[in-house]
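Colleague: let's see this in three dimensions:
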Amino acid sequence: MKNIILIRHGESLGQVAKARGRSRKHPDLLDCFITQKGIGQASQLKDSIQNIDLVCTSPLTRAITTCALAFGNIADQELEEEGATITTPFICHPDLAEVGSSIPENMGRPIKKVLKDIKRTLPYCEEISCLDKIDFSLLPKSWPDIGKPKSLTNHSLMNFLEWLNSRPETNIVVVCHYNVIIRLLNRAVNFVENCSPILCTMNEDDLTLHLVQTKNVNFN
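Modeller: Residues are numbered from 1 along each chain as shown. A predicted model of the protein is given here:
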């Protein structure tokens, strides 16, 4: 059995666009960043979850940033302890990208540009050094197909779950998005808060996720 903690990224600029008098379809929100509040939300996750074997992230900026701020210290600590070895893999999976209506925040960008922007925006955060340790090899050469947000289908989610099931790790963190989490849990939750961990288990026979708890979440 695999234990999985699902985490929605920190509050994004797209989420607050309407409250700030901007259209959510404004082109400046293309694969947008997280807000200052979102940075705080992600940073508060640091050291809150123990015994992590694998960290997975969506390829969108708000998820990668959240992943780095929340769990980047793991990579730093392991480099200090092991020398040049990181024992906890950080892997980006394309099927974790958000979907929904055709809004700019759900449209991907070239990963090199994403990483450059994160480093430029958060130069004071030591945790972002883990960005160079994330494995992006699963992204297709065609990524990103700008202007065409992918459709969230059972097929794409099953691809992710099959891949996850093939991994040797047991305690896994997945940093992704609202709609992805809702669908992964088969609508077992009505709302997903930013940076509020959700613990579930995966049935390895039918690859379904089962909700365990949404408060005081951690791996045993």
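Colleague: can you name the next helix or strand after the helix or strand of the chain with the lowest mean pLDDT?
Modeller: Every helix and strand in the chain was compared by mean pLDDT, DSSP states H and E; the lowest is helix 61-82, with a mean of 84. Next helix or strand after helix 61-82 toward the C-terminus (DSSP states H and E): strand 90-92.
Colleague: check the offset of that following strand from the chain's centre.
Modeller: Mean-position distance between strand 90-92 and its chain equals 9 Å (C-alpha atoms, centre = their mean, to the nearest Å).
Colleague: run through who's touching the helix or strand following that strand.
Modeller: Using DSSP H and E, the helix or strand that follows strand 90-92 in sequence is helix 111-121. With C-beta atoms under 8 Å, 6 or more residues apart in numbering as the contact definition, helix 111-121 has outside contacts at 31, 33, 59, 61, 64-65, 68, 92, 128, 131-132, 136, 139, 143. Where you see a C-beta, it was placed from the backbone N, CA and C, and this is true even at glycine.
Colleague: tell me where this structure has strands.
Modeller: Assigned by DSSP state E, the strands in the chain fall at 2-8, 54-57, 90-92, 171-176, 198-203, 208-213.
Colleague: the shortest one packs against which elements?
Modeller: Under the contact criterion of 3 or more C-beta pairs under 8 Å, 6 or more residues apart in numbering; DSSP states H and E, the helices and strands touching strand 90-92 comprise strand 54-57, helix 61-82.
Colleague: spit out the contact partners of Asn51.
Modeller: Contacts of Asn51 by C-beta under 8 Å, 6+ apart are Asn171, Asn218, Phe219, Asn220.
Colleague: no, scratch that, I was asking about Phe33
Modeller: By C-beta under 8 Å, 6+ apart, the residues touching Phe33 are Ser12, Leu13, Thr61, Arg62, Thr65, Asp117, Ile118, Thr121.
Colleague: tell me the most buried of the helices and strands packed on strand 90-92?
Modeller: strand 54-57 (a mean of 25; mean count of other C-beta atoms under 10 Å).
Colleague: closest to the centroid, which residue in this structure?
Modeller: Val175 (2.4 Å; C-alpha atoms, centre = their mean).
Colleague: neighbours of Ala17, just the number please.
Modeller: 20 (other C-beta atoms under 10 Å).
Colleague: kindly state the pLDDT recorded for it?
Modeller: As predicted, Ala17 sits at a pLDDT of 91.
Colleague: count of neighbours near the closest residue in space to it that isn't next to it in sequence?
Modeller: Spatial nearest neighbour of Ala17, chain neighbours left out: Arg24 (4.7 Å); criterion: C-beta to C-beta, 6 or more residues apart in numbering. Neighbour count for Arg24, taken as other C-beta under 10 Å: 16.
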